[in-house]
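J.: Kindly return the folded structure for what I paste below:
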Amino acid sequence: MIDAPVLFVDDEPDLRLAGEQTLSLADIPVILCPTAAEALGHISKEFPGILVTDIRMPGMDGTALMAEALDRDPDLPVILVTGHGDVGLAVQSMRQGAYDFLEKPYDPARLVETIQRALDKRRLTMEVRALKAQSSGAAGTDPIAAMLNGRSTAMAQLRAQLRAVAETDADALIEGATGTGKEVAARALHAASDRAARPFVAVNCAALPDTMIESELFGHTPGAFAGATRERYGKFEHARGGTLFLDQIDSIPLALQGKLLTALQDRAITPLGSNEPVALDLRVVAASRRDLAKAASEGTFRDDLLYRLNVVTLRMPPLAERREDIPPLFQILMAEASTRHSRPVPPVSPEALADLATKAWPGNIRELRNEAERAVLGFGLQGDPNRTGRLADQMAAHERSLIAATLSAQNGSIKATYEALGISRKALYEKMQKHALDRSDFRPAPDAQNP
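T.: Modelled structure (predicted):
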């Protein structure tokens, strides 16, 4: 259920009713307004929803309503509904700040899809504002610290780097394994910058078909290719004034990388089918889980594009490099899951939290979030039943495990074991006696020695 409402403005009662029915079926709250003046009564920076308005209306028309609404809140997504003869006017309005437009008669499914995207954008804008307010109202708090938790040295260094980049307009490249939080870092960078009040547009390059990626990024004019019946804004223009996040940028076809390089260098794009460049003011943050330097050396990624992107390179540390952050991060993720599912946060023993910090977590934060989700949903979280909460006991258990593993690897050889562990023979014997370890238990069976 989407909580933010849609202001639906149209002077025709039948169209207002049709809009209400369509949105109600999609569980989207709607406020119907027959006039622009009535709609303006709802619009402020605190309004959590979006505006959908017809262009042709008596009195104040849709473009005038949009201008007034954006004057009150420049980040309000405005969707214009237009007749066929007004398409040119709608396109011009988009360059003046409209989010998108729909041409009558529109497909109800397309109305819902466009509105849902606009509501997602509005939600993110309101979240960033809340973080900025929290930052200004709480000493020592900022969006980067709020969005990127962790006391480890690796995370402290990452936050410092992000703050330094946020003070500039430099593009950035974020590298890291799957699930390490590359998009979160990009959003934190945007939220801490002077562009925070403008759009953050995320594009998963790997999810775009090769045949559509150029149009998605740069837009197109009517007739640019088969099926292009109207002008379309690309992601670059949607991000104007803000930040464009290109995730999995290594997925962009080599043939298109040259046009992307030109767009980054010139800060301008030329939509498909057009000869007129569109100037842009934005920051580009790219992300890749692959080593782009290696990809460039292999010829699958342009080296000149890499040099343009990696003005600043940020590396997301995997959980294996920040194990001390895992227990508190898990508790934060459980609290978030508890809110999502309206379920209480279950108690988790110190032993279970300690076990979490020892696991591999190849999926990183994404995998840890799934574990937190399962715990909140009642599937439980089991720690080592033989582990106690005392540090001395945990250290002793770890020591015993390490010695046992080494004895096993060395087929019970005392000399090979103490040399591998870097301790004296006497120290090894004392520790084996302390932990009740017998070398004979680690010698291979006779049939294993003589197969």
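J.: Mind listing what's buried along stretch 299-318?
T.: Residues 301-302, 305-306, 308-310, 312, 314-318 are the ones in stretch 299-318 that count as buried (16 or more other C-beta atoms under 10 Å). Where C-beta positions appear, they are placed from N, C-alpha and C, glycine not excepted.
J.: What is the end-to-end distance of that stretch?
T.: Across stretch 299-318, the terminal residues are separated by 27 Å (C-alpha to C-alpha, to the nearest Å).
J.: Let me see the contact set for the spatially most central residue of the chain.
T.: Residue closest to the average C-alpha location in the chain (C-alpha atoms, centre = their mean): residue 183, at 3.3 Å. Contact partners of residue 183, counting by C-beta atoms under 8 Å, 6 or more residues apart in numbering, are 202, 245, 247, 287.
J.: For the third one, give the beta-bridge partners.
T.: Going back to what we said before, that points to residue 247. Beta-bridge partners recorded for residue 247 (DSSP bridges): residue 204.
J.: The nearest residue to residue 221 once chain neighbours are set aside and residue 399, how far apart?
T.: Distance criterion C-beta to C-beta, 6 or more residues apart in numbering; nearest residue to residue 221, sequence neighbours excluded, is residue 273 at 3.9 Å. Relative to residue 399, residue 273 is positioned 70 Å away (C-beta to C-beta, to the nearest Å).
J.: In terms of helices and strands, where is residue 351?
T.: In this assignment (DSSP states H and E), residue 351 forms part of helix 350-358.
J.: Quick one: name whatever helix or strand follows that helix.
T.: Under the assignment DSSP H and E, the closest C-terminal helix or strand after helix 350-358 is helix 364-376.
J.: Name the surrounding residues that touch that following helix.
T.: 177-181, 318-319, 326, 329-330, 333-334, 336-338, 341, 343, 345-346, 348, 356, 361, 363, 380-381.
J.: Can you mark which positions in it are buried?
T.: Neighbour-count burial for helix 364-376, counted by 16+ other C-beta under 10 Å, picks out 364, 365, 367, 368, 369, 371, 372, 373, 375, 376.
J.: mind listing what's buried in the helix holding residue 351?
T.: Under the neighbour-count criterion of 16+ other C-beta under 10 Å, helix 350-358 has 351, 352, 353, 354, 355, 356, 357 buried.
J.: Isn't the last one up against residue 322?
T.: By that I understand residue 357. No - between residue 357 and residue 322 there is no contact under C-beta atoms under 8 Å: 9.8 Å.
J.: which neighbours do the two share?
T.: Taking C-beta under 8 Å, 6+ apart as the criterion, residue 357 and residue 322 do not both touch any residue.
J.: and the gap between residue 250 and residue 295?
T.: As for residue 250, its distance to residue 295 is 6 Å (criterion: C-beta to C-beta).
J.: Neighbour count: the two, which is higher?
T.: Neighbours per residue (other C-beta atoms under 10 Å) separate residue 250 from residue 295, with residue 250 holding more: 20 against 16.
J.: three-state assignment of the more buried one?
T.: Recorded secondary structure, residue 250: helix (DSSP: H, G, I helix; E, B strand; the rest coil).
J.: show me the contacts for it.
T.: Here residue 250 is in contact with 205, 288, 290, 292, 295, 300, 301 (criterion: C-beta under 8 Å, 6+ apart).
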